[in-house]
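Chemist: Structure for the following, please:
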Amino acid sequence: MTRARAFLTVMILVLGVAVAGCSVPAISTPTPTPSPTASAASVISLPSITEVVEVVKPAVTSIVVGAVGYNIFLQPVPEEKAGSGVIIDDRGYIVTNNHVVEGAESIAVTIPDGRAYDAAIVGTDPLTDLAVIKIEGDDLLAVTFGDSDNLAVGEWVVAIGNALGLPGGPTVTVGVISATGRTIQEQSGVTLYDVIQTDAAINPGNSGGPLVNLRGEVIGINTAKVTSVEVSGVGFAVSSNTAKAVSEELIEKGHVTRPYLGISVVTVTPAIARSYDLATDEGAMVSYVESGSPADHAGLRPGDVIIRFNGEPITTADDAVLAIRAHEIGDRVDITYLRGSSQRTTSAILIERPKD
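Modeler: Model (predicted):
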């Protein structure tokens, strides 16, 4: 053996380099002391997905809704649709999507242990695509809501639901939080705010099922999936903080009350600013003012651009909608806006949103 080959052989043994697909064990060395800047998460093993599922799965329900549809001759015909739900209270309250139970003539609920129940609608909220239904049963296991405001992009999540209405219990898929604070428009035309985006597979039948973190807490209610050839791995869930607040109000009152200003707004972009000769390229431009509404009494007009709401900056239409929703009925709010190049401030007293 030449001196060069002998040296190479020694280096391979020391470094444990794989040769021809075979790994040569490296000589053991002392474990290095972690750097003071090393993240604690880098040395802590992740919880078992199996354990997370074992905690949450008993509370995930299959929902089959009987409804009435119409054929091409406009004749009524019975139809069924499947969805999911999750038990949020051991008294039998279940949160799901509004679009799952909308138009229901009957609602059949099955839980993973095989027990089946008829359910009644407690209340629905189309603006968040949420609904609460109730079953009468004993020994029901309920989930715990987590704080969706503390989610981090890249965090692992588990989606559980009645995917495709397949028999045999809930389907489990795994992914990460892809984004938070999304705004999406559903096929029904309803705009959902503060939505979680995930790449965990969400399929028809998953609607209404829980999106869960690795602590076994529900951090979202699965509601929609983008279905196209070009887009995959994009699903959405209503945030748990929204779902918790809405479900509690539905259980208490049967409906959700919201503050109302009486305007429609669009996000100002550079293109819109040029088209309407606006003095700013950001903000929420008023496109409609309802007659007799608080906005009308406050003097707002179409074309005004809201730039601050009660002292908080407004750069998009979403900002304006969420700012209104963050207040209570009866609150007096200050609104700073641009009319042409003139900056003005007015005030309005929010009223209860009229029922649709």
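Chemist: Let me know whether residue 64 touches residue 108 as I believe.
Modeler: Yes. If you go by C-beta atoms under 8 Å, residue 64 and residue 108 touch, sitting 4.6 Å apart. Quick note: C-beta positions are derived from backbone N, CA and C, even for glycine.
Chemist: And the helices in this protein, which stretches?
Modeler: Ranges of helices in the chain, per DSSP state H, are 3-15, 49-56, 98-101, 240-253, 270-275, 294-297, 317-325.
Chemist: Need the winner for burial among those.
Modeler: Highest mean neighbour count among the helices of the chain (mean count of other C-beta atoms under 10 Å): helix 98-101, with a mean of 24.
Chemist: now what about that helix, what contacts it?
Modeler: The contact list for helix 98-101 (C-beta atoms under 8 Å, 6 or more residues apart in numbering) reads 63, 65, 81, 83-85, 107, 121, 124-126, 128-131, 133, 186, 188, 207-208, 223.
Chemist: how about 10 Å then?
Modeler: 63-65, 67, 81-85, 94, 107, 119, 121, 123-133, 162, 186-188, 190, 205, 207-209, 223-224, 246 (C-beta atoms under 10 Å, 6 or more residues apart in numbering).
Chemist: what do you get for stretch 245-253?
Modeler: Under the criterion C-beta under 10 Å, 6+ apart, residues 88-89, 91, 93-96, 98, 121-125, 127-134, 145, 221, 238-240, 255-258 lie in contact with stretch 245-253.
Chemist: related to what we said a few turns ago, so which of the helices of the chain is nearest residue 172?
Modeler: helix 49-56 (5.4 Å; C-beta to C-beta).
Chemist: neighbouring contacts of that closest one?
Modeler: In contact with helix 49-56 (C-beta under 10 Å, 6+ apart) are residues 46-48, 60, 86, 141, 143-144, 156-158, 160, 170, 172, 174, 209-210, 212-218.
Chemist: could you pull out the strands for the stretch 101-250 of the chain?
Modeler: Shown for the stretch 101-250 of the chain, the strands assigned by DSSP state E, counting those that start in this stretch span residues 104-110, 116-118, 120-125, 130-134, 156-161, 171-185, 191-198, 210-213, 218-225, 235-239.
Chemist: Partner strands of the longest one, with direction?
Modeler: With DSSP bridges as the test, strand 171-185 is paired with strand 156-161 (antiparallel), strand 191-198 (antiparallel).
Chemist: filter the contacts of helix 49-56 to the buried ones?
Modeler: Buried residues within the contacts of helix 49-56, counting neighbours by 16 or more other C-beta atoms under 10 Å: 60, 86, 143, 156-158, 160, 170, 172, 174, 209-210, 212-214, 216-218.
Chemist: Kindly state the beta-bridge partners for residue 351.
Modeler: Note on residue 351: beta-bridge partners by DSSP bridges are residue 260.
Chemist: Over to residue 182?
Modeler: Assessed by DSSP bridges, residue 182 has beta-bridge partners residue 195.
Chemist: ok, it touching residue 223?
Modeler: No. Using C-beta atoms under 10 Å, residue 182 is not in contact with residue 223; the gap is 11.2 Å.
Chemist: and these two? which has more neighbours close in?
Modeler: Between residue 182 and residue 223, residue 223 has the larger neighbour count (other C-beta atoms under 10 Å), namely 29 against 17.
Chemist: So what does the closest residue in space to residue 173 that isn't next to it in sequence have for phi and psi?
Modeler: Sequence neighbours aside, residue 201 is the residue nearest to residue 173 in space, at 4.1 Å (criterion: C-beta to C-beta, 6 or more residues apart in numbering). Main-chain dihedrals, residue 201, degrees, to the nearest 10: phi -60, psi 120.
Chemist: And for residue 201, the neighbour number?
Modeler: Neighbourhood size, residue 201 [other C-beta under 10 Å]: 17.
Chemist: dump the residue contacts of it.
Modeler: 159, 163, 171-175, 225, 232-233, 235.
Chemist: Equivalent analysis for residue 205, please.
Modeler: Going by C-beta under 10 Å, 6+ apart, residue 205 touches 62-64, 81-84, 100, 161-166, 170-171.
Chemist: quick one: which of the residues you listed is nearest to residue 285?
Modeler: Looking across the contacts of residue 205 and measuring by C-beta to C-beta, the closest to residue 285 is residue 100, at 35.0 Å.
Chemist: Which residue lies closest in space to that closest one, excluding its sequence neighbours?
Modeler: Spatial nearest neighbour of residue 100, excluding adjacent residues (C-beta to C-beta, 6+ apart): residue 83 at 3.3 Å.
Chemist: ok, the one you found to residue 65 distance?
Modeler: 7 Å (C-beta to C-beta, to the nearest Å).
Chemist: ok, now residue 335?
Modeler: Taken as C-beta to C-beta, the span from residue 335 to residue 65 is 42 Å.
Chemist: Settle it for me: which of the two has more neighbours?
Modeler: Comparing residue 335 with residue 65 by neighbour count (other C-beta under 10 Å), the higher total belongs to residue 335, at 27 against 22.
Chemist: Got the confidence number for that one?
Modeler: According to the prediction, residue 335 has pLDDT 97.
Chemist: list the contacts for it?
Modeler: Neighbouring residues of residue 335 by C-beta under 10 Å, 6+ apart: 261, 263, 286, 294-295, 298-300, 304, 306-310, 314, 320, 323-324, 344-348.
Chemist: Sweet, I'm off.
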